[in-house]
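**Q** no FASTA, just this:
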C-alpha cells in the first residue's frame with residue numbers, strides 16, 4: 001500500500017512515515033498502544049534526502065509533482081495536520097532531479 005518507505009521522521013508527538021505514494025502518522029504510547037493515521041494515499045516522498053523541517057511551519061519533502069509541506073504534525077500547536085503543495089509541477093525538471 002503506497003509503495004516502499006522512503007522516509008521516517010520523528011516529531012514531538014508522532015512518527016511521520018513517508019512512502020512513494022502515501023504519508024502516514026504513527027501516534028500513541030507503549031501503555032495504550034500505537035495506531036497509524038493516513039494523511040494521503042496520493043502524495044508521497046520520492047527522495048529521502050529532501051526531508052527538511054522548517055521551524056514554525058512543518059516538514060517539507062519532494063513529491064512526484066513538486067515540493068510539499070506537512071503542516072501541524074511537528075508540534076502541539078493546535079494547527080490542523082495537513083499537506084500543502086508549495087510548488088507548481090515542472091515534470092521535466094522533477095524527472096531530471098530524480099535521475
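**A** Noted; the coordinates are in hand. Since we're looking at a predicted model, the values are computed, not measured. Numbering: from 1, shown residues only.
**Q** please make it C-alpha for all contacts and neighbour counts, starting now.
**A** Fine.
**Q** span of stretch 62-70 from start to end?
**A** This stretch, stretch 62-70, spans 11 Å end to end (Cα to Cα, to the nearest Å).
**Q** tell me the mean pLDDT for that stretch?
**A** Stretch 62-70 comes out with an average pLDDT of 91.
**Q** what does it contact?
**A** Residues outside stretch 62-70 that contact it (Cα atoms under 8 Å, 6 or more residues apart in numbering): 20, 43-47, 50-51, 58-61, 81-91, 94.
**Q** which among those residues end up buried?
**A** Among these, those buried by neighbour count (16 or more other Cα atoms under 10 Å) are 20, 43-47, 51, 58-61, 83, 94.
**Q** what is the most widely separated pair among these?
**A** Distances among the buried ones among the contacts of stretch 62-70 were taken as Cα to Cα; the most separated pair is 58 and 94, at 21.9 Å.
**Q** picking that back up, could you dump the buried ones among the contacts of stretch 62-70 to TSV with distance to residue 10 and secondary structure?
**A** Formatted as TSV, the buried ones among the contacts of stretch 62-70 follow (distance: Cα to Cα, whole Å; DSSP: H, G, I helix; E, B strand; the rest coil):
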residue	distance to residue 10	secondary structure
20	18	coil
43	19	coil
44	17	coil
45	15	coil
46	18	coil
47	17	coil
51	11	coil
58	12	strand
59	11	strand
60	13	strand
61	14	strand
83	17	strand
94	26	helix
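**Q** so among those residues, where is pLDDT lowest?
**A** residue 94 (61).
**Q** dump the residue contacts of the closest residue to residue 58 other than its chain neighbours.
**A** Nearest non-adjacent residue to residue 58, counting by Cα to Cα, 6 or more residues apart in numbering: residue 71, 4.6 Å away. For residue 71, the contact set (Cα under 8 Å, 6+ apart) comprises 57-59, 79-84.
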